[in-house]
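please find the sequence and the predicted model below.
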Amino acid sequence: MAISLTVNGKKRQVEGDPAKPLLWVLREDFDLVGTKFGCGAGLCGACTVHVDGQAVRSCQTLLGDVKGAAITTIEGAAATDVGKRIAASWIAQDVPQCGYCQAGQIMSATALLSQTPKPTDEDIDAAMMGNLCRCSTYVRIRAAIKAAAA
Amino acid sequence: MSAANLSRRGFITASLIAGGGLLFDLAVPMALAADGSPVILNAFIRILPDNRVIIGAKNAEIGQGAKTMLPMLIAEELDVDWAQVSIEQTHADAKIFGGQSAGGSRTTPREWLPTRQAGAAARAMLVAAAAAQWGVAAGTLTTASGKVTDPKTGKSVPYAALAVAAAKLSPPDPATLTLKDPASFRIIGQSIGGVDTPAIVAGKPLFGIDFKLPNMLYAVLETCPAFGGTFKSANLDAVRALPGIAHVLTIKGDGTPESGFDGVAILAKSWWTANLARETLKVAWDDSAVTNFSTQGYAAQAATRAQGKADADITRTGDIDAAFASAGKVVTADYSYPFLAHATLEPQNCTALFKDGAIEIWAPTQNPESGRALVAKALNLPPEKIRINFTRIGGGFGRRLMNDYMVQAALVAAQVPGVPVKLLFTRADDMRRDFYRPAGWHGFRAALDKSGALTAFHDHFITFGKDGKPVRSAELSPGELPAGLLDNVLLEQSFLATNMPTGWLRAPGSNALAFVYQAFLDEVAAAAGKDLPTLMLELLSKTAQVSQGANRPPFVTARAKGVIEKALAMGGWANRKALPKGQGKGFAFYYSHAGYFAEVLEVAVADGVPKVKTVWVAGDVGSHIINPINALHQVQGSVIEGLGQALAGQVITQVAGAIEQANFDTHPLQRIPDTPTIHVDFVKTDYSPTGLGEPALPPVIPALVNAIHAATGKRIRSLPVTTEMLA
Ligand code: FES
Ligand code: FES
């Protein structure tokens, strides 16, 4: 079955099982491997993308559920003003350590700032709580979000 | 092109590159191998016609920052601006590059001298070329920003313009090489962000999991849930019949976890398709020899063994029995901790292509050469038929010092010649096929004399082992402090049998031993009517050095005192009693991986839930902090990781030989709200710099439990900390 959706502003069509998680559609069918596989169970946030502006876990989102939706992945995240500020802030604070979780962190942070331009510590905790960082870069994640909001 | 002896086996070549520019291949003897032969470091430096400089980064990058730090050392001595420099990852070959593993915080001490010498040698040849051109003595010329300048005439020439002349010169005699005076360092000591940071932020394909080849197949691998079980039979044809499945095949392990056990591999164009097929796969394993192992069983055995005689003496000094017989007070306590998984966020994976009797591998590995040896054995290939390429690594923590996934990918790829295969673990595979931090039990006794001085110390450490020897990462060093700091010490070990593969988890050994030793000594100090830092400073004042065995630097008590005093001042230790009820400060000191770390931690405990507010860290890793921003990040990460081991609920348990936990719900990590304020400061001492990936982790756990005791009066003697313990 052909399913159409928009990915990073481009119309795309994919022939595939509607039960295939969006994560694997992005990585395997669209060759967008910036979105990461960490747990496959909605527990780590490494696979976070935006679906119609909302941060979602793409490992828990089925292809069949995003028919016609607009998807933004890390590869397209810097297209918006907020995305640009987050990316610049992430580089300025040198947030990544191994870097593996960072695509997910950035997608969650971008969604947060788009909805809450001046987040408090509690807002940051609530929005970023689902994104694990095994390297524990949390000090800089918080600082980078604040710097991007300023 | 020219080459000459740099010393016994070192050499330098400088050659022109097609299209212009100069390539330096600098082979510097960096150390002696176990057989006494010199280990050679090859550094590659390319100077392009536009005077940009490309430096080869030779080490595995797991987020520890080596890919940035080692080129910084070269760029410093080459005397170029960091802005001119680009970094290129090399492939893995110890014969060419010397040590490339990332483990044991050993990169910095190993590379500090030879890597700078490589940069200095290249600089010397460029200066010599300019001197010859201008007819002046090399010693009269200066360099900066990739240019040679004659201060007398004001003439200056970019390195790139010296390429042709430098390529014709004889390399310098190493005896004439002078390294920079540290006072003139321009790159070492500057904070430089990770070289891959912009690419990571842009979501570029850097990691092993991202690497793709045309016509690549993905593989998933089913293995026996109980470690060591062997393959009997499976419904392979039923799985082959599923849509989208390319191959279903079996691989044979050699019975060791290092090479991976028997498995059934399913290959498909899509990993998701291959993994889904596991629901259909039914395998019969012979696990009869390994199903009797369980966490409950270990605990019961440990309790029994604690009553009996130990298997092995590690350290026995003085007269332990007499010291306890004459003690004014004896303090005893039992401590324990669980198995832990590494849980790197990027699951284990490896890509392999077998073709024409050779194999090429793309692996996120911390230790490529051990992988090469295992693959050579498993495929019966000469090592030179194995090429290993590094990818960026989504977290190491010691997991990827093991190469089981590499061997397994190679075994699968060898059965489909010409077809590239990427083996990728699910999270459950990853958590259930780890090399775990071993659990341990410690029975402690300490003797105090009438004046409250510590006179004897005894640890009966029950751990896992075979034939009277500990398993990997269950060792106890004879120099484990307070051994060496008092007269009567008995450290001994007993060993339980297990089928669990064990391995090195960040600050191996130390991450557990710091907890039990420093928490128990906090109890001892309290029994003597003092605090732990006072006890530690007393013990440290007795001697200048404690040997840590051959080939390891001795423990220097003055360095320990330096960081302890610094941490106490930073953390306001003197005023700790002013904290309100339910809050407290704890202290711990630990020495590991040649690094000295003292930490003070403030915690608030409410309704049985500890919340860490602030951690003050003082560390001594020698004379220089090469890249301060990365140093800070390593310490932040170590502190939060240590807190996670104590507070997040991490524990790996085993039933009938198999692991129970499968994902982050049952083996959780710290999350952002758990992040304390972390203050870090370094005491610089006159010692060669050492590594920072690990030594800041161990002391945070005892600092935490000692703070919990200060806040609540409750002793935490086993991990993880639970609300029941604090109720
Ligand atoms: S991979 Fe989707 S939440 Fe972990
Ligand atoms: S940077 Fe390594 S997991 Fe976050």
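Done, it's in. This structure is a prediction, so every number in the text was calculated from the model and none was measured. Ligands and ions are numbered 1, 2, ... in the order given.

ligand 2 contacts on the stretch 301-450 of chain B?
Proximity of the stretch 301-450 of chain B to ligand 2 (Cβ under 6 Å from any ligand atom) is limited to residues B:345, B:395. (Glycine included, C-beta is placed from N, CA and C.)

one more time with 8 Å
Within the stretch 301-450 of chain B, the positions near ligand 2 by Cβ under 8 Å from any ligand atom are B:344-346, B:394-395.

what's the answer for chain A, then?
Checking chain A against ligand 2 by Cβ under 8 Å from any ligand atom, the hits are A:46, A:95-102, A:105, A:132-137.

how about stretch A:17-33: buried residues?
A:17, A:20-30, A:32-33 (16 or more other Cβ atoms under 10 Å in any protein chain shown).

show me the domain layout of chain A.
As assigned by automatic domain parsing, chain A contains the domains A:2-75, A:78-149.

most packed of those?
domain A:78-149 (a mean of 22; mean count of other Cβ atoms under 10 Å in any protein chain shown).

does it reach chain B?
Yes: counting by Cβ under 8 Å from any Cβ of the partner chain, contacts between domain A:78-149 and chain B involve A:78, A:87, A:90-91, A:94-103, A:106, A:124-125, A:128-129, A:131-142.

distance between the ends of that domain?
15 Å (Cα to Cα, to the nearest Å).

next: stretch B:170-190.
End-to-end distance (Cα to Cα), stretch B:170-190: 33 Å.

stretch B:716-727 now?
So stretch B:716-727: terminal residues 12 Å apart, Cα to Cα.

checking my notes, B:Gly203 in a strand, right?
No: the assignment for B:Gly203, made by DSSP: H, G, I helix; E, B strand; the rest coil, is coil rather than a strand.

counting neighbours, what do you get for B:Ala333?
16 (other Cβ atoms under 10 Å in any protein chain shown).

pull out the buried positions in the helix or strand hosting it.
Using DSSP states H and E, B:Ala333 sits within strand B:329-337. Buried residues in strand B:329-337, counted by 16+ other Cβ under 10 Å: B:331, B:333-337.

need the residues of the stretch 301-450 of chain B next to ligand 2 in JSON lines (columns: neighbour count).
Below are those laid out as JSON lines (neighbours: other Cβ atoms under 10 Å in any protein chain shown):
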{"residue": "B:Thr344", "neighbour count": "25"}
{"residue": "B:Leu345", "neighbour count": "29"}
{"residue": "B:Glu346", "neighbour count": "31"}
{"residue": "B:Gly394", "neighbour count": "31"}
{"residue": "B:Gly395", "neighbour count": "24"}
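
closest one to ligand 1 out of those residues, please.
Set against ligand 1, the nearest of these by Cβ to the nearest ligand atom is B:Leu345 (8.8 Å).

correct me, but that closest one touches A:Cys98?
Yes: taking contacts as Cβ atoms under 8 Å, B:Leu345 lies within contact range of A:Cys98: 7.2 Å.

overlap in contacts of these two?
Counting by Cβ atoms under 8 Å, 6 or more residues apart in numbering or on different chains, the residues touching both B:Leu345 and A:Cys98 are A:134-135, B:394-395.

those residues: which two are farthest apart?
A:Cys135 and B:Gly394 (9.2 Å; Cβ to Cβ).

mutual contacts of the two, please.
A:98, B:345.

any residue of stretch B:365-379 up close to chain A?
No: using Cβ under 8 Å from any Cβ, stretch B:365-379 stays clear of chain A, coming no nearer than 11.4 Å.

output that stretch in CSV with nothing but the alpha carbons.
The C-alpha coordinates for stretch B:365-379 follow below in CSV (Å, rounded to 0.1, in the frame of the first residue of the first chain):
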residue,chain,number,x,y,z
THR,B,365,34.6,-0.8,18.9
GLN,B,366,36.7,0.5,21.7
ASN,B,367,39.3,-2.2,21.1
PRO,B,368,39.7,-3.1,17.5
GLU,B,369,42.8,-5.4,17.8
SER,B,370,41.2,-7.8,20.2
GLY,B,371,38.3,-8.0,17.7
ARG,B,372,40.7,-8.7,14.9
ALA,B,373,42.3,-11.6,16.8
LEU,B,374,38.9,-13.1,17.6
VAL,B,375,37.6,-12.7,14.0
ALA,B,376,40.8,-14.2,12.7
LYS,B,377,40.3,-17.3,14.9
ALA,B,378,36.6,-17.6,14.2
LEU,B,379,36.9,-17.4,10.4
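
now that stretch: buried residues?
Those would be B:365-372, B:374-376, B:378-379, for stretch B:365-379 by 16+ other Cβ under 10 Å.

closest one of the residues you listed to chain A?
Nearest to chain A among these, counting by Cβ to the nearest Cβ, is B:Gln366 at 11.4 Å.

what about that closest one, is that helix, strand or coil?
Under three-state DSSP, B:Gln366 comes out as coil.

same deal with B:Thr685?
coil.

so what's it scoring on pLDDT?
B:Thr685 carries a pLDDT value of 97.

tally of neighbours for it?
With other Cβ under 10 Å as criterion, B:Thr685 counts 15.

burial measure for B:Thr291, as a count.
B:Thr291 has 18 nearby residues by other Cβ under 10 Å.

the one 4 residues further on too?
For B:Thr295, the count of nearby residues is 18 (other Cβ under 10 Å).

which residues sit in contact with it?
Per Cβ under 8 Å, 6+ apart, neighbours of B:Thr295: B:338-339, B:439, B:653-655.

now distance to B:Leu692 too, for those residues, in TSV please.
Shown next, in TSV, are these (distance: Cβ to Cβ, whole Å):
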residue	distance to B:Leu692
B:Pro338	27
B:Phe339	26
B:Ala439	27
B:Thr653	32
B:Gln654	33
B:Val655	38
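
which one of those residues is nearest B:Arg432?
Closest to B:Arg432, out of all of these and judged by Cβ to Cβ, is B:Gln654, at 10.0 Å.

so that closest one makes contact with B:Thr291?
No: using Cβ under 8 Å as the test, B:Gln654 is too far from B:Thr291 to be in contact (10.3 Å).

residues touching the residue of the stretch 1-150 of chain B found nearest chain A, list them.
In the stretch 1-150 of chain B, the residue that lies nearest chain A is B:Gly63 (3.2 Å; Cβ to the nearest Cβ). Neighbouring residues of B:Gly63 by Cβ under 8 Å, 6+ apart: A:96-99, A:135, B:393, B:395-396.
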